[in-house]
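J.: Sequence plus the predicted model coming up.
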Amino acid sequence: MKRPFAKIGAAAFSLAFLLTLSGCVQLYAPDPSRNNPPEEDYSGENVFQTETYEDKVAEKVDFSALYEQVLAAVVTISSGETTVATGVVVDMDRGYILTSSGRTVSAGGRFEVTTYDGNTADAEVVGYDTVYGFTPVAESFYDSASSDLALLRTEGRLEQEVSFADSDGIAYGDPCFSVGATASAENLMNAGIISMPLNTHRSVFYYEKSSLSGTEQHSFFDGSISGLIQTGLTTHRENDGAPLFDSAGNVIGMMNLRAEETSFFKESDPFGISFATPSADIFGFLQEAGIEYDLEGSGATTPLENAILNSSSLAKANDRVAGILMNEPNADQTGMGSDDYFVASDSSPVVFSSEEYAVTDGSAKSVSLKNLSKTLKIVAYYELDANFGTSFPAISEGSGFLIDNEGYVLTNLHVVNKLVEQNREQGKEANSSVDVEGVSVYGVFEQGTRLENGIKKFVLLPMEILAYHQMGDLALLRFSNPVWHEDEYADELVSGIRVSKGFSQSCTFSSQLPARGSFVYALGNALAYGVSVSQGLVSQPRFTAYNSLYGYDMIQTDCPINSGNSGGPLFDNRGNVVGVNTLGLGNDEETLQYGYENVSWSIPASFAISFIDKLNNGETDTNIVRFRESFDLNYTVT
């Protein structure tokens, strides 16, 4: 496994820690006699009523009307008695239908299409998208590309064709929906949000391919697609090829289930994650096939700046761990790094964007825009003792968020504790023993990238571990690099940019619990795919079952939380942090037996605040370990 996932059992459920670490030797261990919950000021009684989602959202989406608007352009594609895929009419007059190449390749060359009113007609494949572009079937043997595009043609009656919008115009949290078939029904609608407008994390999109020399790993990004739209839509096998619509009923992508067949997806326990081929890539395929389209609704979103303004001038780290993470030829060939990583030297000053987005309507889009630049992916590298004095490397990933403009970040302890897996194997709690010595930690902002030889690389910034709360599962990190932010009135210059010290803003806490049934939004590094957003409802503000284990009542939600979301923020519809995402029901045999899904828990923000206050006040606690004598953390609470 490239990245180990650890699961622990608790009470009657099987809990999956959201991406944890394993390790050895203890460093500055807290008092082992800690058996009682810490004396926190959290009472669990401070619940407040929020405005409803319907009251806050300025523009409501009428999905019922949208369904009627697009239904006639969606078809079900069958082979014999078997439903194969979904398709969408792209040229009504000439009978052209866009669908999945992966499904049509496996099913053969001739099909039957069924329209919304039950009419059926024969159809045949005209061409596929290959690594060479649009390839007619008759020309040569094809190897369909990862864009998963195929074009069918039918002589049957078609009543409607779709309109397209440019996928470059979508944003985090935008409403979206799809209409597709299943094995037992046609034209089922799924609605949700855009989790990430364009996912380009090549390191987690690879698949196994058989060859004469054996099984090989191949990158999913084969040049046929610029990236993948990540959504929170539910998909079924026959949804492959289904259109992804925006809130105006324009096609912004095609559901691409080939992406869900990549090795990392299959080896993980994904909840609320699906992918689509962007319309920006579909355009080229259709144009090569002689089908032209005008774009609707393009440029209808707020563009996000690169978070790191001087990314091109950052010095590269030249230590051994950095080389491993970047898969450099002269580094240890562990196969655990990625060529889309750039590890910055800790001596390089880093200049961040100061652009601020306000929460205007309480929607997932508004909350995401406000907090995306304050939420980060955490990458931890460490080595574990093996037999005969040897060791083996491991990489784990989680999430974190800025709590102070000076570059302090909060995350879960189990994200940086390398003894988690060992503790789990011994039937103990994940943080029953702790070792963070020798753990190399890095922070990655989703918009913090640089371009090298045409490849977009994600910048890894080194961090240090400053303190942790063992029982409460919290850890405090800080960026090692000097941090600045753009400021037109500042006197300092870094790389020619006028700057002020620190970040321009950090996350704001809410010390109050959200009400049962209120909307919440999780930002984080779900399944190591990079920072994405998911939305859900508060199921229970005070989940008491694990208070004796952690020292607080948890917030229970139905928000899709995956491995890798650990340590990430849970926001209310004002864009304030109400919790730290930490636990979710796993996808193991026991959980599947009872059919649990999207049952997740978060640490209440009030506990995180009390942890920070104790660090600031120099208070002692048998659970708190600090690697610095004093702190002056300037966090914001509303």
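T.: Arrived safely. Numbering: from 1, shown residues only.
J.: farthest residue from the center of this structure?
T.: Distance from the C-alpha centroid of the chain, by Cα atoms, centre = their mean, peaks at residue 155 (42.1 Å).
J.: can you tell me which residues contact that residue?
T.: Residue 155 sits next to 95, 121, 122 when contact means Cβ atoms under 8 Å, 6 or more residues apart in numbering. For every residue, glycine as well, the C-beta is placed using N, CA and C.
J.: ranges for the helices of the stretch 451-600 of the chain?
T.: Ranges of helices in the stretch 451-600 of the chain, per DSSP state H, counting those that start in this stretch, are 547-550, 589-594.
J.: avg pLDDT for the first one?
T.: Per-residue pLDDT values over helix 547-550 give a mean of 92.
J.: then it to CSV, C-alphas only?
T.: Output in CSV follows, covering the C-alpha atoms of helix 547-550 (Å, rounded to 0.1, in the frame of the first residue of the first chain):
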residue,chain,number,x,y,z
ASN,A,547,-16.8,10.9,25.9
SER,A,548,-14.9,8.6,28.1
LEU,A,549,-12.4,7.9,25.3
TYR,A,550,-11.8,11.4,24.1
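J.: Can you mark which positions in that helix are buried?
T.: With burial defined by 16 or more other Cβ atoms under 10 Å, the residues of helix 547-550 counted as buried are 549, 550.
J.: Please save the CA atoms from stretch 172-179 in PDB.
T.: Extracted C-alpha coordinates of stretch 172-179, given in PDB (Å, rounded to 0.1, in the frame of the first residue of the first chain):
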ATOM      1  CA  TYR A 172     -16.200  24.600  -5.500                       C
ATOM      2  CA  GLY A 173     -19.600  23.900  -4.000                       C
ATOM      3  CA  ASP A 174     -21.600  24.700  -7.200                       C
ATOM      4  CA  PRO A 175     -24.900  22.800  -7.400                       C
ATOM      5  CA  CYS A 176     -24.900  20.000 -10.000                       C
ATOM      6  CA  PHE A 177     -26.900  17.000 -11.000                       C
ATOM      7  CA  SER A 178     -27.000  14.000 -13.300                       C
ATOM      8  CA  VAL A 179     -29.600  11.800 -14.900                       C
END
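J.: Check the offset of it from the chain's centre.
T.: 16 Å (Cα atoms, centre = their mean, to the nearest Å).
J.: show me the contacts for the nearest residue to residue 559 once chain neighbours are set aside.
T.: Nearest non-adjacent residue to residue 559, counting by Cβ to Cβ, 6 or more residues apart in numbering: residue 536, 3.0 Å away. If you count contacts by Cβ under 8 Å, 6+ apart, residue 536 has them with 519, 520, 522, 557, 558, 559, 560, 598, 600.
J.: and which of those is nearest residue 106?
T.: For the contacts of residue 536, the residue nearest residue 106 by Cβ to Cβ is residue 560; the value is 29.0 Å.
J.: Next one: the closest one relative to residue 522, how far apart?
T.: 8 Å (Cβ to Cβ, to the nearest Å).
J.: any common contacting residues for these two?
T.: 534, 536, 600.
J.: residue contacts, the first one?
T.: Taking Cβ under 8 Å, 6+ apart as the criterion, residue 534 is in contact with 193, 195, 232, 272, 521, 522, 526, 559, 560, 561.
J.: And it, what's its pLDDT?
T.: 96.
J.: now it, which residues is it bridged with?
T.: Beta bridges link residue 534 to residue 522, judged by DSSP bridges.
J.: I'd like the numbering to begin with 58 instead of 1 from here.
T.: Okay, residue one is now 58; in that scheme the one you just asked about reads as residue 591.
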